[in-house]
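Novice: Give the three-dimensional model of this entry:
(chains A and B)
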Amino acid sequence: MIIAKNLIKDFGRRRAVDNVSFEVKKGTVLGFLGPNGAGKTTTLRMIAGFLPPSSGSVTVKGVDVAKDPVAAQKNMGYMPETTPLYEDMSVYSFLRFVAEIRGFSGIERDKRVDHVLEQCFLQSVQHQGIDTLSKGYRQRTCLAQTLLHNPDILLLDEPTEGLDPNQKQVVRNMIQNMAEERVIMLSTHVLEEVEAICTRAIIISNGIIVADDTPVGLKKRSSRYNVVTLNADGKNIEKTLEKIDTVEKTETMDDGRILVFPKIGESIAAEVLSTAQKNKWTLKDLKVDDGRLDDVFRQITITEDINKKDVA
Amino acid sequence: MNESIHHTLSIAKREWRSYFDSPVAYVFIIIFLMLMGFFTFSLAQFFEAGQADLRGFFVWHPWLYMILVPAVTMRLWAEERRSGTIELLFTISATPLQALLGKFFAAWLFMLLALALTFTVPLTASYLGSPDTGTIIAGYFGSALLAGAYIAVGMFTSALTRNQVISFILAVVIGLFLILAGYPPVTNLLSHWAPLWMINGIAAFSFMPHYETMQRGVIDLRDIAYFASVIFFMLFATQVVLKNKVGR
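Specialist: Reported below is the predicted structural model:
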């Protein structure tokens, strides 16, 4: 439903987004990851039709966003990063205003406003002035605004930023409930969020896409993927384990636990377990690491930074 | 087309409400009426003049608008840009043109309301004597057009910056220029070095000759065209600025 082709955005001499291309299909919850200033917001703004790209194009359901932003926006709901809202309005009149611009009037408009108020748990504050709302309510008001016209595509720029853990969970549940039949693209730098709700993740760094994979696929790139942590009593454990073909190396930690690193692409848990049984070690604990996203994130974005500096 | 009008109306309605949801509208109207009364009755010596006409009333409008209209218009875009709501506005399928028309009409209507509330001045005049109704209507018509032109100028300067103070000052300066452009001390100053055609060209920009003919009770199509073209040009310039500046 979203096709971005060779997107480039320059601000003066600085290139914020550099040749970004991707395609998103229905039913996807796409996490858009990257360090601060990587170009996430700029990319989302270009998709939302707020910023024209310097070159390249975005097509949303067949409509070129730069050529006809209004038509493209009819299929999109966009929540900007700063959750801008008209401070002098109440939640209800704000949503009614957006509903009117979205083309609804009379009973239909009121019905839709009521519906999103309910969907986003805003009924209790609907007559309150927006300037009196707490961060969580502001965030949800801005999210409610994106849902009024029931769009196929939701673009959410850091939807859970600044929320407390309970509110985060509420927003995540809402996003998950909406995911079916839609495309949801959300930017974040909270990695647990990507693991929790995204079906696909794109990592962007310095305006360039550096990874595009499922969260599980990304985790496999972690240096800790399939590393076995072993807590056992026995003789020459390290030496014995290092003799296994698929084991790269072992490391002993301060508390006596042993980390067993596999060779790239290998899975060693079964091998380690049978070796332990053969040698009659007393096993206290054995854990297989399924990789860590923050590890991968750091690996990818930091090497990217270093490469960039070398070139410069 | 239908949709554009719908959008423009919704935006105008929101803008209109935001004037009255804050104290801005009430403070503005009270100050406007007080200053109007002060200028007309005290400075222009309405009672002492012994003439039942409103020249001493209308003559102050350009100056009062010069200061007060920018106060109404300065937030129109500067505030949207500062708070980021412009990003919201332009991603819910409203276009810059619809938004600026909506804001323009809301602000203009607001000024017309303030102007309409000066009705006590012509009432006083008719109580004391028998002023020419046609001249008064022409005078109000001219003042309404003048207000529209000032609003268009103020909206333009508001789009230029996210700082309301800068927007205000720029609007006042442009307003001052448009008042003074045809004023003899200014044209004399220019005549030392500028060729005559340039002086005439600059003088032709001035609000004053067009406004004054209407004060005399003459509604000339050329004067209407003048104000209409100032408004049109300023709105167009605003649209160009918005298209180039949004998001930055």
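
Novice: contacts, neighbours, all on C-alpha from now
Specialist: Noted.

Novice: Show me which residues of the stretch 1-150 of chain A are close to chain B?
Specialist: By the rule CA under 8 Å from any CA of the partner chain, the part of the stretch 1-150 of chain A lying against chain B is A:48-51, A:69-71, A:73-74, A:77-80, A:82, A:84-86, A:88-89, A:97-98, A:100-103.

Novice: Give me the subset of the residues you listed lying in helices.
Specialist: A:48, A:69-71, A:73, A:97-98, A:100-101 (DSSP state H).

Novice: Check these for burial and list the buried ones.
Specialist: A:48, A:69-70, A:73, A:97-98, A:100-101 (16 or more other CA atoms under 10 Å in any protein chain shown).

Novice: For the residues you listed, give me JSON lines that also has pLDDT.
Specialist: JSON lines is the format used below for these (pLDDT from 0 to 100):
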{"residue": "A:Ala48", "pLDDT": "93"}
{"residue": "A:Pro69", "pLDDT": "90"}
{"residue": "A:Val70", "pLDDT": "90"}
{"residue": "A:Gln73", "pLDDT": "93"}
{"residue": "A:Phe97", "pLDDT": "94"}
{"residue": "A:Val98", "pLDDT": "95"}
{"residue": "A:Glu100", "pLDDT": "93"}
{"residue": "A:Ile101", "pLDDT": "92"}
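
Novice: thinking again about what came up before, out of the ones in helices among the residues of the stretch 1-150 of chain A next to chain B, flag the one nearest to chain B.
Specialist: Taking CA to the nearest CA as the measure, chain B sits nearest to A:Val70 out of those, at 4.6 Å.

Novice: Do a quick rundown of the helices in the stretch 201-312 of chain A.
Specialist: Assigned by DSSP state H, counting those that start in this stretch, the stretch 201-312 of chain A shows helices spanning A:215-219, A:237-242, A:269-278, A:293-311.

Novice: what's the weakest-modelled helix or strand in chain B?
Specialist: Sorting the helices and strands of chain B by mean pLDDT, DSSP states H and E puts helix B:46-49 at the bottom, at a mean of 71.

Novice: what residues does chain B put near chain A?
Specialist: Proximity of chain B to chain A, by CA under 8 Å from any CA, involves residues B:3, B:6-7, B:10-11, B:14, B:18, B:21-22, B:83-85, B:87-88, B:90-95, B:246-247.

Novice: Could you rerun that using 10 Å?
Specialist: Proximity of chain B to chain A (CA under 10 Å from any CA of the partner chain) is limited to residues B:3-4, B:6-11, B:13-14, B:17-19, B:21-22, B:79-80, B:82-95, B:243-248.

Novice: Need the nearest residue in space to B:Thr40, chain neighbours excluded.
Specialist: Distance criterion CA to CA, 6 or more residues apart in numbering or on different chains; nearest residue to B:Thr40, sequence neighbours excluded, is B:Phe57 at 4.9 Å.

Novice: scratch that, B:Gly182 is what I was asking about
Specialist: Once flanking residues are discounted, B:Gly182 sits nearest to B:Ala203: 4.0 Å by CA to CA, 6+ apart.

Novice: repeat for A:Asn206
Specialist: Counting by CA to CA, 6+ apart, the residue nearest A:Asn206 is A:Ala38, at 4.6 Å.

Novice: Give me the pLDDT for that neighbour.
Specialist: According to the prediction, A:Ala38 has pLDDT 86.

Novice: Correct me if wrong, but it is in a strand.
Specialist: No: counting by DSSP: H, G, I helix; E, B strand; the rest coil, A:Ala38 is not part of a strand but coil.

Novice: That one contacts A:Val20, correct?
Specialist: No: with contact defined as CA atoms under 10 Å, A:Ala38 does not reach A:Val20; the gap is 11.9 Å.

Novice: which residues do those two both contact?
Specialist: A:204, A:207-209 (CA atoms under 10 Å, 6 or more residues apart in numbering or on different chains).

Novice: Export those as a markdown table, with columns for distance to B:Phe38.
Specialist: Output for the shared contacts of A:Ala38 and A:Val20, formatted as a markdown table (distance: CA to CA, whole Å):
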| residue | distance to B:Phe38 |
| --- | --- |
| A:Ile204 | 64 |
| A:Gly207 | 61 |
| A:Ile208 | 64 |
| A:Ile209 | 66 |
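
Novice: Most neighbours among these, which one is it?
Specialist: Neighbour counts for the shared contacts of A:Ala38 and A:Val20, by other CA atoms under 10 Å in any protein chain shown, peak at A:Ile204, which reaches 26 neighbours.

Novice: Now for it: which residues touch it?
Specialist: Contacts for A:Ile204 (CA under 10 Å, 6+ apart) come out as A:17-18, A:20, A:32-35, A:37-40, A:210-212, A:297, A:300-301, A:304.

Novice: Now for residue 41, how many residues are close by?
Specialist: Using chain A. Using other CA under 10 Å: A:Thr41 sits among 22 other residues.

Novice: Please refer instead to chain B.
Specialist: If you count neighbours by other CA under 10 Å, B:Phe41 ends up with 17.

Novice: Can you show me the strands along chain B?
Specialist: With strands called from DSSP state E, chain B shows none.

Novice: low-scoring stretches of it, by residue?
Specialist: Low-confidence segments of chain B, defined by pLDDT under 70: B:1, B:50, B:52, B:246-248.

Novice: Checking the nearest residue to A:Val116 once chain neighbours are set aside next. Helix, strand or coil?
Specialist: Leaving aside its chain neighbours, A:Val116 sits nearest to A:Ala144 (5.5 Å; criterion: CA to CA, 6+ apart). With three-state DSSP as the basis, A:Ala144 sits in helix.

Novice: And A:Ala144, what's its pLDDT?
Specialist: Listed pLDDT for A:Ala144 reads 93.
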